[in-house]
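Student: Structure of the sequence below:
(chains A, B and C)
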Amino acid sequence: MHRLKKNKEFNYIYKKGDRVSTEHFTLFVVKSKYNNYRIGFSVSKKLGKANVRNKLKRRLREIVRRDIEVKNFHNYVLLARDGSSKLDFKTLKEEIKKIFLKYEKKKMV
RNA sequence: UCAGCCAAACAGAUGGUCGCUGUAUGCUUGUAAAGAGCAUAGAGAGGAAAGUCCGAGCAUCAAAAGAACAGAGUGCAAGUUAACGACUUGUGGAGGCGACUCUAAGGAUAGUGCAACAGAAAUAGACUGCUAGAAAUAGCGAUGGUGGAAAGGUAGGGUAAGAGCCUACCGAGAACUUGGUGACAAGUUCUGCUCUGUAAACCCCACUCGAUGCAAGGUUAAGUUUAGGCACAAGUGUUCUUUAUUGCCUAACAAAAAUACCGCUUGAAAUUGUUGGUGACAACAAUUCUAGAUAGAUGACCAUCUAAAACAGAACUCGGCUUACAGUUUGACUGAUUUU
RNA sequence: CGAGAUGUAGCGCAGGUGGUAGCGCGCGCGGUUCGGGACCGUGAGGCCGUGGGUUCGAGUCCCGCCAUCUCGA
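Tutor: From the prediction side, this is the model:
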């Protein structure tokens, strides 16, 4: 799994990307030049203090690493919204699977 | 047993599977270095890592060397400390039956300011009033009940009426003696003793302090660019002295890969023991190396412990303070009750 | 991560040296008008972000905390 890290990249994706959202997350997607997919996680200060935000990012990374198979070489940004820090691990997992499926469906149409 | 008070320790543990970040070693790639990948070993957040409220290191500001002023801080004593506004042990004061806790605690006769409303009057001169006297006037500070504060208080004597005018007790001040390093305490003697509160108002006294912060600052790369102003003066709170330097300031344009690398973790370090000290702490000896990220490293699942939970995530590093916090354990002490 | 500023009526703001809190807009009621607006009169609305302290007395002085905003690559 490759990570997105630079602020420029994030801003580019926010501006140009396709957007899909569920109750607690928003996914931004842009086609990549390279033969990799890359993903970044964004958790704002509104969601909690430092330890809460770190824990949420760790969990999201774990879920993407283990349970999501990304077939396309795209750049993704996963934005956490209000309330997502209070969910437990299983519901998080289901919701993230959902959001990726939703994007694929949208693309098919 | 119940209630309390003080201090200390822990901050889920053990095993398994998959993953994350450094370090060391080996292998592969690479001319080599740097780097990349894989394997193995071992390491990997806190008591507050938080707030950024103080104090240091470290770095830059040409030089921080000296003096004065401005500004800011601290404020009982003696100690501890690298240093401090921190801590310790005491002193005075406040609270608690007690164990114990709290305390910005110098100066109000150096000066200035302020004290609403109420009250006759707010620091004090009058007014109301009391006594003597026919009156002029003289003596007096009791009477006035408002206020946070009203001319030391209470009782007795005394007087024309009164008053520390006199006496006793309490309070206050001064001197001396004794004890203590000291803050201060105790005692004796003397003085009948006008002068409210506020310095967390200005201020006075004593002591301390140059400013800015790792986004500091440096390495590699990239400007003897152009225009205007200042001129032997200019530049860092101000002024002065000493030393050093030659340009300094403003604006525009160009260039720019950025945590790529250094700073970045061995330090007033930690653990254990001994000794000294009431204690904060210090000295000595032995042993150990114990995070170093940069979208920022600790997560997920299973089993057992009844249940797995609080506050919360290092970001240059230390010493404190403040604030948040589920629960568990240990020790010293106090009060009440019961039993022996 | 560091440096700074601000919290007062529904909204935007005053209250410098402590004495009991105002202004404008908005809101309610009445007047004016054939009616509405404008105008005139009148009224309500405040634990001065929060917890302590100093003081006789704190929006103001001092010390903690909370929230919001700004600046530094």
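Student: next structured bit after the helix or strand of chain A with the lowest mean pLDDT?
Tutor: Least confident helix or strand of chain A, by mean pLDDT, DSSP states H and E, is strand A:2-3 with a mean of 69. Secondary structure here is assigned by DSSP states H and E; on that basis, the next helix or strand after strand A:2-3 toward the C-terminus is helix A:7-16.
Student: Tell me the buried residues in that next one?
Tutor: Burial within helix A:7-16, assessed by neighbour count using 16 or more other CB atoms under 10 Å, is assigned to A:10, A:12-13. All C-beta spots, glycine's among them, are computed from the backbone N, C-alpha and C.
Student: Now do it: which elements does it pack against?
Tutor: Helices and strands touching helix A:7-16, as assessed by 3 or more CB pairs under 8 Å, 6 or more residues apart in numbering; DSSP states H and E, comprise strand A:25-31, strand A:38-43, strand A:74-80.
Student: Which one, of those strands, ends up nearest to RNA strand B?
Tutor: Smallest distance to RNA strand B across the helices and strands packed on helix A:7-16 (CB to the nearest atom of the strand): 4.6 Å, for strand A:38-43.
Student: All set, thanks.
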